[in-house]
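Chemist: this one's structure only:
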């Protein structure tokens, strides 16, 4: 990831909360000829000792991506957050000298590391149980894997493979106009507040958490 210092995420706890909230990642691998990718549900499994841990998820058995994964395969997991176009017309300085261009604000976390494929039924059952418990939590009547017949679940587990990315690097980027002065940031923030859709609103909310620009 291209990560200028001023766009690096400021807080590890916030990065962890962001990844947990998104709950999915683009898993990118190389099949020997070309890069291939799949969007998968994930859990960032972090050890109590504070290490980077593992990114856990699953692919469909019918998805050929997993078949090209070998013992030394390295994968990339991309967790995407909100994003939005930023118009130069929102910057007050545009009217003064015109030396501005459009940009794109976004939040993204990249994980890299060696990838292992799991076919063991109990490994898969434990993963699916954790994923289900996470996303069912807080519902009035949360569904559990044990609510379905055991033989049915066994059949469903045979239709997926587990993926375990042993995390070597975590790169977290918050591109939120940190390189603009206070006046331009305020203009961009106001412009985003008047744009349709959830992306601009979410980016605007994140921009309000930034520290003031350096003079």
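Modeler: Ah, there it is. A quick note: this is a predicted structure, and the numbers were derived from the prediction, not measured.
Chemist: which secondary structure element contains residue 154?
Modeler: If you go by DSSP states H and E, residue 154 is part of helix 150-157.
Chemist: How about the residue most central in space within the chain: which residues does it bridge to?
Modeler: By Cα atoms, centre = their mean, the chain has its centre lying nearest to residue 79, at 1.5 Å. Beta-bridge pairing for residue 79 (DSSP bridges): residue 109.
Chemist: One more: residue 37?
Modeler: residue 28.
Chemist: can you pull the contacts of it?
Modeler: Residue 37 makes contact with 26-29, 65, according to Cβ atoms under 8 Å, 6 or more residues apart in numbering. Bear in mind the C-beta positions are built from the backbone N, C-alpha and C, glycine included.
Chemist: same thing but 7 Å
Modeler: 26-28 (Cβ atoms under 7 Å, 6 or more residues apart in numbering).
Chemist: any chance of those residues in TSV, plus distance to residue 11, neighbour count and pLDDT?
Modeler: Putting the contacts of residue 37 into TSV (distance: Cβ to Cβ, whole Å; neighbours: other Cβ atoms under 10 Å; pLDDT from 0 to 100) gives the following:
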residue	distance to residue 11	neighbour count	pLDDT
26	23	16	98
27	25	27	98
28	26	16	98
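Chemist: Closest one of the residues you listed to residue 144?
Modeler: residue 27 (26.1 Å; Cβ to Cβ).
Chemist: Now the element after the helix holding residue 154, going C-ward?
Modeler: That would be, after helix 150-157 and using DSSP H and E, strand 160-175.
Chemist: how about low-confidence regions in the chain?
Modeler: 94-95, 98, 214-215 (pLDDT under 70).
Chemist: Show me the helices in it, by range?
Modeler: 12-22, 94-97, 121-136, 150-157, 182-193, 198-207 (DSSP state H).
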